[in-house]
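A.B. asks: Quick one, fold the following:
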Amino acid sequence: MTDQTAAHDHHGDHHDAPPSNFLDRWVFTTNHKDIGTLYLIFSLVMFFVGGTMALIIRAELFQPGLQFVEPQFFNSMTTVHALVMVFGAVMPAFVGLANWLIPMMVGAPDMALPRMNNWSFWLLVAAFTILVSTLFMPGGAPAGGWTLYPPLVLQTGDAFPFMVFAIHIMGASSIMGSINVIVTIMNMRAPGMTLMKMPMFVWTWLITAYLLIAVMPVLAGAVTMLLTDRYFGTSFFNAAGGGDPVLFQHVFWFFGHPEVYIMILPAFGVVSQIIPTFSRKPLFGYSSMVYATASIAFLSFIVWAHHMFTTGMPIAGQLFFMLATMLIAIPTAVKIFNWLSTMWKGELTFETPMLFSIAFVLLFTIGGFSGLMLAIAPADYQYHDTYFVVAHFHYVLVPGAVFTLMAAAYYWLPKWTGYMYNEKIGKLHFWCSAIFVNVLFFPQHFVGLAGMPRRIPDYPTQFADFNAISSVGAFLFGFSQLLFVAAIWSSVKGKQKATDQVWDGAKGLEWTLPSPAPYHSFNEPPHID
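C.D. replies: Numbering: from 1, shown residues only. Predicted coordinates for the structure are as follows:
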């Protein structure tokens, strides 16, 4: 399909005239591009807020003993860091990409429900204002870990109901965003845009949206039961009243496991757009990619108790969840082989988006292998609640979701602003991030295998060296992200105009696109003779 809007046009087709003032343009906007931009800016701010909390954690762990913070505040940091990164940075960034790209990719003038779109964004701002404000309340922020396990989380002070309220609001925001995505994709595709012709990014978001609608109410139910246990005398999770704390784990992880796929499936979609462009050939195995995505989504619902192998589950239960978890490796491997096959014998160039995408494939695979190790029930008894688990899920989420979001930003920035970003800054950002993310997280595998428990502010001296390396990596990785802001700024300020052939002509390469030559990221990659 041809792109319906000029690269510099920020106003959707349903506006008669551009908004006259700042409030109309940014606060009351119903335009999918402007709302997408708001989501992306919000998630970048949250990325730095959550990152600052991570640096507090790593500063405390730089050496044994208690240096900087009280244990209670350390626990608050681990809890709020996770909530901010998951619900404030990664998910809103993918919703921002969905807002910007899905209407253009399916040929729709805007999202199907523009006013609800505005509302879902501003709810998110309210939710995180409430969540971050808990840091300043009597008794401090919630300190039960991001999993909010009772009875620990019920010891939280006055901040507890505010945290529950914030989670409810962000859940409502996610559900509204998902409904919008589904209705747009199902009802507003251009003539001839059948489901099996949609770009992979649209497919992954369609499947993700169904996952979100299925699991967000489960989280809402879990935190509401916590709230009534604390304030209304119920005993859902209170053993003294006939309840069961492990019930909370079942309910939470029935949400929590699909949630991790909600954070990675749109990333798969982004990589499936970028790798074909810079390989200059179509995505290998398109339909198998669609079916693999759907398989992952289905299987994500029946593996939740692999987080609970140490809770005293019957052997039959352990066996089922172990095998079901290993099964997810198959469709995931299909995707990885398809990306590699797309690059195989392609005419590769290595601009910043492609570098981040290749790093994603490599490092996400490391996270996948450590996940397979954790899936083995008897081995998990050793790994459970150690830094090995921290290393595993950060390899999946940082070089997985976060690197992909960076790749997407570099890839589509010229489309969004009409100007190229500074490629030198982009490449410097990539190399700093790719090196330091490994300095940060790889040593955590070793201390985890040696038995260092996670979420604890102190540790014996035998873990000191690897922790010091990890903390140095954390600070270098964190400050490298300022280069990302500089690269974005270089595109927003705009010196070098983006061309129609932004990834070909702009680099002086020999490839020419079929004439007329639209910017082709929304389409099948061009056929090169």
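A.B. asks: would you list every one of the helices in the stretch 51-200 of the chain?
C.D. replies: With DSSP state H, counting those that start in this stretch as the criterion, the stretch 51-200 of the chain has helices at 71-83, 91-106, 114-133, 160-187, 200-231.
A.B. asks: Show me what counts as buried in the third one.
C.D. replies: Neighbour counts over helix 114-133 (16 or more other Cβ atoms under 10 Å) mark 114, 116-121, 123-125, 127-128, 130-132 as buried. Glycine gets a C-beta too; all of them are placed from N, C-alpha and C.
A.B. asks: the inter-axis angle of that helix versus helix 91-106?
C.D. replies: 160 degrees (axes from the mean of the first three to the mean of the last three Cα atoms, to 10 degrees).
A.B. asks: Could you shift the numbering so residue one becomes 352, and keep it that way?
C.D. replies: Taking 352 as the first residue, the last one we looked at is helix 465-484.
A.B. asks: on contacts alone, who are the packing partners of helix 465-484?
C.D. replies: If contacts are counted by 3 or more Cβ pairs under 8 Å, 6 or more residues apart in numbering; DSSP states H and E, helix 465-484 sits against helix 383-411, helix 422-434, helix 442-457, helix 511-538.
A.B. asks: Give the rounded mean pLDDT of that helix.
C.D. replies: Averaging pLDDT along helix 465-484 gives 96.
A.B. asks: One more: the last one?
C.D. replies: Per-residue confidence for helix 551-582 averages out to 97 on the pLDDT scale.
A.B. asks: so the helix or strand that it is followed by versus helix 551-582, what angle?
C.D. replies: Counting by DSSP states H and E, the next helix or strand C-terminal to helix 551-582 is helix 596-630. Compare the direction of helix 596-630 with that of helix 551-582 by the same axes, to 10 degrees and you get 160 degrees.
A.B. asks: which helices and strands sit right next to the helix or strand that helix 596-630 is followed by?
C.D. replies: Per DSSP H and E, the first helix or strand lying C-terminal to helix 596-630 is helix 637-650. When contacts are defined as 3+ Cβ pairs under 8 Å, 6+ apart, helix 637-650 sits against helix 551-582, helix 596-630, helix 666-694.
A.B. asks: can we see that at 6 Å?
C.D. replies: Applying 3 or more Cβ pairs under 6 Å, 6 or more residues apart in numbering; DSSP states H and E, one finds that helix 637-650 contacts helix 551-582, helix 666-694.
A.B. asks: Mind putting those into a markdown table with mean neighbour count and distance to Met537?
C.D. replies: Converted to a markdown table, the helices and strands packed on helix 637-650 look like this (neighbours: other Cβ atoms under 10 Å; distance: least, Cβ to Cβ, whole Å):
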| stretch | mean neighbour count | distance to Met537 |
| --- | --- | --- |
| helix 551-582 | 21 | 8 |
| helix 666-694 | 17 | 23 |
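A.B. asks: Nearest to Val654, out of the ones you listed?
C.D. replies: With Cβ to Cβ as the criterion, Val654 lies closest to helix 666-694 of the helices and strands packed on helix 637-650, at 4.6 Å.
A.B. asks: tell me how far the closest one is from the chain's mean position?
C.D. replies: Distance of helix 666-694 from the chain centroid (Cα atoms, centre = their mean, to the nearest Å) equals 20 Å.
A.B. asks: Could I get the buried residue list for stretch 423-442?
C.D. replies: Under 16+ other Cβ under 10 Å, the buried positions of stretch 423-442 are 423-442.
A.B. asks: pLDDT weak spots in the stretch 402-551 of the chain?
C.D. replies: Across the stretch 402-551 of the chain, nothing is flagged by pLDDT under 70.
A.B. asks: What about the residue lying closest to Thr555 once chain neighbours are set aside, how many residues nearby?
C.D. replies: Of all residues not flanking Thr555 in the chain, Gly620 sits nearest, at 3.2 Å (Cβ to Cβ, 6 or more residues apart in numbering). By the measure other Cβ atoms under 10 Å, the count of residues near Gly620 is 28.
A.B. asks: is it true that Gly620 touches Met549?
C.D. replies: No - Gly620 is beyond contact range of Met549, at 10.1 Å (criterion: Cβ atoms under 6 Å).
A.B. asks: now the strands for the stretch 702-851 of the chain?
C.D. replies: Shown for the stretch 702-851 of the chain, no strands are assigned by DSSP state E, counting those that start in this stretch.
A.B. asks: for it, what are the low-confidence residue spans?
C.D. replies: Using pLDDT under 70, nothing in the stretch 702-851 of the chain is flagged.
A.B. asks: try 90 this time
C.D. replies: For the stretch 702-851 of the chain, applying pLDDT under 90 flags the ranges 845-851.
A.B. asks: do you know how far the residue at minimal distance from the centre of the chain is from Val747?
C.D. replies: Nearest residue to the geometric centre of the chain (Cα atoms, centre = their mean): Val441, 3.4 Å. Look at Val441 and Val747: by Cβ to Cβ, to the nearest Å, they are 11 Å apart.
A.B. asks: and if you look at Lys848?
C.D. replies: Lys848 is 38 Å from Val747, by Cβ to Cβ.
A.B. asks: can you check Met462 too?
C.D. replies: On the measure of Cβ to Cβ, Met462 and Val747 end up 29 Å apart.
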